[in-house]
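> How does the following fold in three dimensions:
(one chain, ligands or ions: 2)
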Amino acid sequence: MILVLVLGDQLSSSLASLKASDQRDAVVLMAEVMDEASYVRHHKKKIGLIFSAMRHFAEELREAGWTVDYIQLDEAGNSGSLKGEAERALKRHDADCIRLVEPGEWRLNADVDGWVEVLEDDRFICSHERFRRWAAGRKSLRMEYFYREMRRDTGLLVNEDGEPEGGQWNYDHDNRKAAAPDLFMPRLPAYEPDDVTRDVLDMVADKFAGNFGDLEPFGYAVTRKDALAALDHFIAKALPRFGDYQDAMLEGEDHLYHSVLSPYINLGLLDPLEVCRRAVEAYEAGDAPLNAVEGFVRQIIGWREYVRGLYWLKMPDYRDLNFLEAQRPLPEFYWTGETDMACLKAAISQTKRLAYAHHIQRLMVTGNFAMLAGCSPQAVHEWYLAVYADAYEWVELPNTLGMSQFADGGLMASKPYAASGNYISKMSDHCGNCRYAVSKKTGEGACPFNALYWDFLARNEDKLKDNPRMGQMYATWNRMNGDKQREYRDSAKAFLDRVEWDDGSWTQSA
Ligand code: FAD
Ligand code: DLZ
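Ligands and ions are numbered 1, 2, ... in the order given. Sure, this is the predicted structure:
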């Protein structure tokens, strides 16, 4: 008898461990355990989504003929750890070995080393070996070059000679439009919780009451069927304008033309290649333009595969990097949403409601502010890992530490994603609703991003001044007279002195 351990983010019927096993001599083990539910204080919706999707997937496996041993979180005797549950199940089923697809996170992978048969996760397009080969001997590991290889490997949007559809690899220059409030926005479908989901939500409300985020209303898809419906909706309603408004932000619009498919892809309910193929089919049918489809495909076979490759190449040291030596805790308002800065309030309160914010909100609002304020990249990492429904360390950590906080010193990003209020004003309508004036640079009532931006540059001049992409900004800074420079720095200090910093009460384990 073989025990096939299926983890909470491995909910794919094509999983390598299921393909390698025979239903007649295998028992599938799935377990809700406190260790996984509490290694950070996950958003309540994230726990609800994962547990409900796990329970539905277990039922689908049973219907397909598998024997499934499913352990619920509050079941008597639950040991609280995956290892503990595997050991108990080995005895229960008199099994000789445990088979497992490699866990996505380094921490868990280190934990299973030596006592289980581990199979490679073939739900990714780029294997570990393929990524190592690509990275070997390169001075710079830029995503763009990796992405071109993935286009050729998958055949997506390339012709028979391996050349890109339309003649260019990347159409981002068409993709930076600021959204206007009168645009028609597609409404994201919500999926009514069934009895299984209701049971899970009741348990989450009871056991994780102190965690961040609103549990209700809960509208995430928890089955492959509903995740496919969410994909259909995106392809038909949002993909055509995905590219144009990818970087835009609007008050009251939580998703714009983004797909909100990451929770389902990362859980295994949707396969990344099937999602990309659907987008390319829409292009071929004339239903979506090339700039939208190329941009979307790049996020998945480019960024998603690239961050995973980098994570496994650089862990475990990557997690502790802090190139800019930033040490502050997070502001308390990251957990409450209570701030007068309209852009931060919108991004954080939406995160609290939905366990979702789109990429530009994560990168240019919450990420940008935390970096400018000098917050510790590890504190920032813990926040992102906790608050988003799609957050697993393999994808979250490189995005946070590398892309958003420049903590890896430029391995991932060629320069810090630092921006003043001007950027937010250009890409959003938040500034019109803000108590701070984006046009005011310093002093009372000035947008805090403005002084923080120059203070960040000044503070990190030794580390950043030789970066060729920062030259122009340092030239501007150094052309300012001493009084002007002092004004910016004093204004930043006065603002930071007023911020209430997190004292750790939100991050302590439940
Ligand atoms: P869309 O904009 O519709 O993009 C389509 C798909 O492309 C996404 O569903 C996702 O699968 C993929 N994708 C897009 N950008 C990235 C990226 N940079 N890295 C990896 N995949 C990408 N993404 C996660 O899946 N989990 C995380 O924990 C996560 N943490 C992040 C933390 C920070 C600080 C930043 C800046 C980005 C993070 N991202 C993370 C990447 C990105 O923001 C999300 O994938 C995206 O916002 C998910 O929303 P969506 O499905 O509507 O994406
Ligand atoms: C995220 C998560 C949570 C909250 N709970 C469980 C769980 O109880 N049981 C389980 O098997 N997996 C869970 N997961 C997903 C794991 O944390 C995930 O498999 C690892 O982080 C590797 O990506």
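
> got a list of contacts for the helix or strand of the chain with the lowest mean pLDDT?
Across the helices and strands of the chain, mean confidence by mean pLDDT, DSSP states H and E is lowest for helix 106-112: a mean of 90. Applying Cβ atoms under 8 Å, 6 or more residues apart in numbering, the contact partners of helix 106-112 are 7, 39, 82-83, 100, 102-103, 118, 311-312, 315-316, 319, 393-394. For glycine as for every other residue, the C-beta is placed from the backbone atoms N, C-alpha and C.

> check contacts around the residue lying closest to Arg459 once chain neighbours are set aside.
In space, Arg459 comes closest to Gly374 once its chain neighbours are excluded; the distance is 7.1 Å by Cβ to Cβ, 6 or more residues apart in numbering. Gly374 makes contacts with 324, 326-328, 456, 459, 496, as judged by Cβ under 8 Å, 6+ apart.

> List the ones among those that fall in helices.
Among those, the members found in helices (DSSP state H) are 456, 459, 496.

> follow-up on the earlier one: anything in the least confident helix or strand of the chain near ligand 2?
Yes: for helix 106-112, a contact with ligand 2 is found by Cβ under 6 Å from any ligand atom, at Leu108.

> about what we covered before: in ChimeraX, how would I select just the buried ones from the contacts of helix 106-112?
Burial among these is assessed by 16 or more other Cβ atoms under 10 Å; the matching ChimeraX selection reads:
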select :7,39,82,83,100,102,103,118,311,312,315,319,393,394
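
> among the contacts of helix 106-112, which are in strands?
Counting by DSSP state E, the contacts of helix 106-112 place 100, 118 in strands.

> Same list, the contacts of helix 106-112, but only the ones touching ligand 2.
Applying Cβ under 6 Å from any ligand atom to these, those adjacent to ligand 2 are 7, 82, 103.

> In contact with Cys434, which residues?
Applying Cβ under 8 Å, 6+ apart, the residues near Cys434 are 340-343, 447.

> Can you tell me which of the residues you listed is closest to ligand 2?
Checking those against ligand 2 with Cβ to the nearest ligand atom, the nearest one is Cys343 at 28.9 Å.

> tally of neighbours for that closest one?
When neighbours are counted by other Cβ atoms under 10 Å, Cys343 registers 30.

> same question, Arg469
For Arg469, using other Cβ under 10 Å, the count is 12.

> pLDDT value on it, please?
With respect to pLDDT, Arg469 scores 95.

> Now do it against ligand 1, distance only.
18 Å (Cβ to the nearest ligand atom, to the nearest Å).

> pretty sure that residue contacts Ser414?
Yes: between Arg469 and Ser414 there is a contact under Cβ atoms under 8 Å: 5.6 Å.

> Setting aside sequence neighbours, what's the nearest residue to whichever residue of the stretch 251-400 of the chain sits closest to ligand 2?
In the stretch 251-400 of the chain, the residue that lies nearest ligand 2 is Tyr392 (4.4 Å; Cβ to the nearest ligand atom). Closest residue to Tyr392 apart from its sequence neighbours, by Cβ to Cβ, 6+ apart: Gly104 at 5.2 Å.

> List the residues that contact that neighbour.
Per Cβ under 8 Å, 6+ apart, neighbours of Gly104: 7, 9, 121, 392-394.

> out of these, who's nearest ligand 1?
Checking the contacts of Gly104 one by one against ligand 1 (Cβ to the nearest ligand atom), the nearest turns out to be Tyr392, at 6.3 Å.
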